[in-house]
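**Student:** Requesting a structural model of the entry that follows:
(one chain, ligands or ions: 2)
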Amino acid sequence: MRVQLFVPPGGYFAERWTKGSSMPPLGLLYIGAVLEKEGHDIRIVPADLWKLNGHRITGLMKEFKPDIIGVTSTTENRFQSFKLIRIAKKALPESITVMGGPHASMAAEDTLGHIPELDIVVRGEAEETMRELCRGLEGKMDLRRIQSLAGISFRKNGEIVPNPDRTPIKDIDSIPRPAYHLVPFEQYNFRFEVPGKGMLPAVNMMTSRGCPFKCNFCATPINWGRTVRMRSPRNIVEEIEFLIHKYGVRVIFFFDDTFNTSPRRAHRICDLILEKKLDVFFKCDIRIDLIDKPLLLKMKQAGLFHLSFGLEAGSERVRNEIVGKNVDIEDFHNLVRWCRELEIIPNAFFIFSHPTETWQEAQETMDIIEKYKDQIEASIAILHIYPGTPLEKTAKEMGVLPRDFTWAKKYRSKIITLPAAQGDVPLYLDKLSWTQICELIFRWSISGGKISILRKIPRVLKNIRSGADLKRYAVMAFTYMRLKIKTGTGCFSRN
Ligand code: B12
Ligand code: SF4
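**Tutor:** Numbering: from 1, shown residues only. Ligands and ions are numbered 1, 2, ... in the order given. Modelled structure (predicted):
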């Protein structure tokens with residue numbers, strides 16, 4: 001079978017690639033590796049990296065004549081993914097179009113229902129499903145068996161059929177290494193500034209799948225399952241050695257949602273890196289309740305230089321009862337202190353506008369951000385709604401999203417998005433007014449956070465779609481200027 005897999009061009013993330021943030025598409029590389037092992041002919045087209053237009057994409061499809069055209073999707077780039085599927089069906093009507101990735105997985109029915117050019121959605125973990133699908137379509141299975149494959153949704157006689165979920169792969173060491181050779185690795189500019197070492201070449205790596213927790217905004221426990229499956233430390237370190245030797249990589253960004261779900265395994269990975277004296281640095285995301293100082297020290301010794309963790313909200317009620325984060329503020333304070341002592345850059349995530357969050361409670365978040373403004377990197381977001389999450393359900397119950405909301409349509413009114421800030425994804429606005437949200441975000445930026453207002457203006461203007469958008473941006477601009485004047489910091493500069 002000939003299978004052509006695409007990352008769509010453009011979209012929220014690709015448009016922001018500047019200083020070293022373009023990276024290989026891990027999901028497609030895993031699928032590519034599995035299908036290549038099965039003897040299929042695989043092409044991966046990073047249309048984002050190559051900035052391909054529709055004409056070039058059609059050309060590549062007609063040249064390769066794939067039996068299957070696969071497209072990855074996140075909610076931010078969903079419209080680009082849909083467009084690519086339409087291009088594919090038009091270019092090669094005989095080819096089967098398949099979509100996977102977090103967006104299609106979490107909104108399979110909605111996507112199939114609105115994109116008639118799409119034949120199949122592969123939901124969630126796709127290595128096994130794609131292997132079986134290719135076997136089936138190659139003629140090794142009868143139609144009935146193909147149509148009963150676990151993990152796919154498809155259209156039959158005009159109806160959408162969601163087959164049962166696929167059982168997650170238990171032993172994820174058994175999945176072949178991502179097929180890096182299928183992409184022009186050297187064209188990615190993925191790099192990180194490691195203190196004292198300069199900008200070093202980096203790569204993304206995933207060492208576990210799934211999450212046992214259930215934060216209301218997050219798709220991971222549903223998409224990857226709540227049982228965490230982990231690669232063995234030996235398997236991980238072998239891949240690191242391969243990446244160092246083959247691609248000259250110096251920094252690993254562990255893409256795991258939570259690198260320390262098993263603190264014991266995290267110790268063992270670091271022990272192995274140290275035993276093998278690997279000349280490598282790493283960064284990762286952790287949960288703050290699963291780390292202690294000895295583990296952090298071990299991670300530092302093994303190369304950790306940057307550590308991300310979510311507190312999400314300063315108020316305990318919001319953080320634990322509403323978000324479901326279940327972490328203690330004391331653990332946060334300790335972790336920041338240890339990071340400072342060990343010279344690890346702490347990067348904390350905060351979100352404003354949780355369901356029922358009051359202005360008073362939002363101040364508790366702001367107080368923490370301001371307390372640590374010279375000590376942590378604070379990543380701040382307004383709460384966004386993603387498909388399939390508990391938050392999406394709440395949003396529909398509370399009328400933040402209409403009950404007949406579809407992810408496949410661009411809304412000009414009713415739905416509030418900030419495409420210039422985080423893609424065309426609906427915001428969850430509840431008790432905090434728009435002016436209050438703007439005030440919180442700008443108070444942070446004025447006290448040292450990174451938002452370059454001037455740089456954002458052209459994108460903001462490009463994304464104004466309605467009078468309501470214009471009003472929102474006007475409130476934003478007014479709030480910003482009011483705060484700047486109040487703090488005496490001038491309009492467009494920090495000082
Ligand atoms: C690392 C990571 C990042 C990195 C890199 C992102 C990137 N573009 O690669 C950074 C930190 C930059 C980032 C940023 C953001 N991220 Co992020 N991120 C992740 C994370 C933890 C891992 C991604 C990954 O590489 N997974 C490993 C690979 C193997 O998985 P995969 O790509 O999903 O592919 C598998 C399947 O989906 C499927 N598949 C994928 N494509 C295709 C295509 C076909 C044809 C088929 C058949 C199958 C298939 O097969 C693969 C193998 O099983 C995921 C959570 C997760 N556990 O996946 C969140 C996740 C993707 N991010 C998420 C979000 C919300 C964001 C941000 C918006 C956060 C923010 N507030 O800014 C931004 C947006 C960036 C963007 N649009 O890409 C959400 C996306 C939800 C959604 N519905 O789209 C996720 C799912 C986490 C969550 N909270 O729910 N992220
Ligand atoms: S935010 Fe992190 S801890 Fe919470 S459910 Fe998602 S992956 Fe798990």
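**Student:** Any idea how many residues pack against the residue in the stretch 351-495 of the chain positioned nearest to ligand 1?
**Tutor:** Distance from ligand 1 to each residue of the stretch 351-495 of the chain (Cβ to the nearest ligand atom) is smallest for Y386, at 4.3 Å. The way it works is simple: take the backbone N, C-alpha and C, and place the C-beta from them, glycine included. Neighbours of Y386 under the rule other Cβ atoms under 10 Å: 21.
**Student:** Quick check: it is in a strand.
**Tutor:** No. Counting by DSSP: H, G, I helix; E, B strand; the rest coil, Y386 is not found in a strand; it is coil.
**Student:** which SS state does I380 fall under?
**Tutor:** Using three-state DSSP, the three-state assignment for I380 comes out as strand.
**Student:** Could you pull up the contacting residues of it?
**Tutor:** F349, F350, I351, F352, I369, I441, W444, G449 (Cβ atoms under 8 Å, 6 or more residues apart in numbering).
**Student:** In helices, which of those residues fall?
**Tutor:** Among the contacts of I380, the members found in helices (DSSP state H) are I369, I441, W444.
**Student:** Pull the number of nearby residues for the closest residue to I464 other than its chain neighbours.
**Tutor:** Among residues not flanking I464 along the chain, L470 sits closest, at 5.5 Å (Cβ to Cβ, 6 or more residues apart in numbering). L470 has 12 neighbouring residues, counting by other Cβ under 10 Å.
**Student:** next one: whichever strand or helix holds L470 to chain centre, how far?
**Tutor:** Using DSSP states H and E, L470 falls within helix 467-487. Mean C-alpha position of helix 467-487 versus that of the full chain (Cα atoms, centre = their mean, to the nearest Å) differs by 29 Å.
**Student:** does F253 sit in a helix or strand, and which one?
**Tutor:** In the assignment (DSSP H and E), F253 maps to strand 251-254.
**Student:** What are the buried residues along the helix or strand following that strand?
**Tutor:** Per DSSP H and E, the first helix or strand lying C-terminal to strand 251-254 is helix 263-275. Along helix 263-275, these residues count as buried under the neighbour rule (16 or more other Cβ atoms under 10 Å): P263, R265, A266, H267, R268, I269, C270, L272, I273.
**Student:** re earlier: show me just the buried residues among the contacts of I380.
**Tutor:** F350, I351, F352, I369, I441, W444, G449.
**Student:** ok, the second one to F79 distance?
**Tutor:** Right, I351. Taking Cβ to Cβ, to the nearest Å as the measure, I351 falls 24 Å from F79.
**Student:** same thing with the fifth one?
**Tutor:** For I441, the distance to F79 equals 25 Å [Cβ to Cβ].
**Student:** again with the first one
**Tutor:** Applying Cβ to Cβ, the value for F350 to F79 is 28 Å.
**Student:** can you check the fourth one too?
**Tutor:** If you measure I369 against F79 using Cβ to Cβ, the figure is 33 Å.
**Student:** one step back: within reach of ligand 2, which of the buried residues of helix 263-275 are there?
**Tutor:** Among the buried residues of helix 263-275, none lies close to ligand 2 by the criterion of Cβ under 6 Å from any ligand atom.
**Student:** ok, the residues you listed vs M141, which is closest?
**Tutor:** Among the buried residues of helix 263-275, R265 lies closest to M141 (Cβ to Cβ), at 37.5 Å.
**Student:** Test my guess that the closest one contacts P233.
**Tutor:** Yes. Between R265 and P233 there is a contact at 6.3 Å, judged by Cβ atoms under 8 Å.
**Student:** Given the strand holding F253, what are its sheet partners and their directions?
**Tutor:** Strand pairing for strand 251-254, using DSSP bridges, gives strand 198-205 (parallel), strand 281-286 (parallel).
**Student:** buried stuff in it?
**Tutor:** Going by 16+ other Cβ under 10 Å, strand 251-254 has these buried residues: V251, I252, F253, F254.
**Student:** Grab the nearest non-local neighbour of the last one.
**Tutor:** I take that to be F254. Spatially, and ignoring its direct neighbours in sequence, F254 is nearest to C284 (3.9 Å; Cβ to Cβ, 6+ apart).
**Student:** Tally up the residues packed near that neighbour, please.
**Tutor:** Neighbour count of C284, defined by other Cβ under 10 Å: 22.
**Student:** Might you enumerate the residues of this structure proximal to ligand 1?
**Tutor:** So the chain meets ligand 1 at 5, 12-13, 26-28, 30-31, 70-72, 74-77, 98-103, 105-106, 122, 125-127, 130, 206, 218-220, 224, 255, 257, 381, 386-387, 422 (Cβ under 6 Å from any ligand atom).
**Student:** Keep only those of those that are in helices.
**Tutor:** Short answer: the residues of the chain next to ligand 1 in helices (DSSP H) are 12-13, 26-28, 30-31, 102-103, 105-106, 127, 130, 220, 422.
**Student:** on that earlier part again, quick one: buried ones out of the residues of the chain next to ligand 1?
**Tutor:** 5, 12-13, 26-28, 30-31, 70-72, 74-77, 98-103, 105-106, 122, 125-127, 130, 206, 218-220, 224, 255, 257, 381, 386-387.
**Student:** What mean pLDDT does stretch 280-295 get?
**Tutor:** What stretch 280-295 shows for mean pLDDT is 98.
**Student:** buried ones in it?
**Tutor:** V280, F281, F282, K283, C284, D285, I286, R287, I288, L290, I291, L295.
**Student:** how about TSV for these, with distance to P426 added?
**Tutor:** Formatted as TSV, the buried residues of stretch 280-295 follow (distance: Cβ to Cβ, whole Å):
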residue	distance to P426
V280	39
F281	37
F282	34
K283	30
C284	29
D285	24
I286	29
R287	27
I288	28
L290	31
I291	33
L295	38
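**Student:** For ligand 2, state which of these is nearest.
**Tutor:** Once Cβ to the nearest ligand atom is applied, the member of these that ends up nearest ligand 2 is R287, at 5.8 Å.
**Student:** hang on, the earlier thing: same list, the ones in helices among the contacts of I380, but as JSON lines with distance to P162 and pLDDT please.
**Tutor:** Formatted as JSON lines, these follow (distance: Cβ to Cβ, whole Å; pLDDT from 0 to 100):
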{"residue": "I369", "distance to P162": "42", "pLDDT": "95"}
{"residue": "I441", "distance to P162": "39", "pLDDT": "86"}
{"residue": "W444", "distance to P162": "42", "pLDDT": "81"}
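**Student:** Please enumerate the strands of the stretch 201-350 of the chain.
**Tutor:** 208-209, 229-230, 251-254, 281-286, 304-312, 345-352 (DSSP state E, counting those that start in this stretch).
**Student:** Out of those, which is closest to ligand 2?
**Tutor:** Closest of the strands of the stretch 201-350 of the chain to ligand 2 is strand 304-312, at 5.8 Å (criterion: Cβ to the nearest ligand atom).
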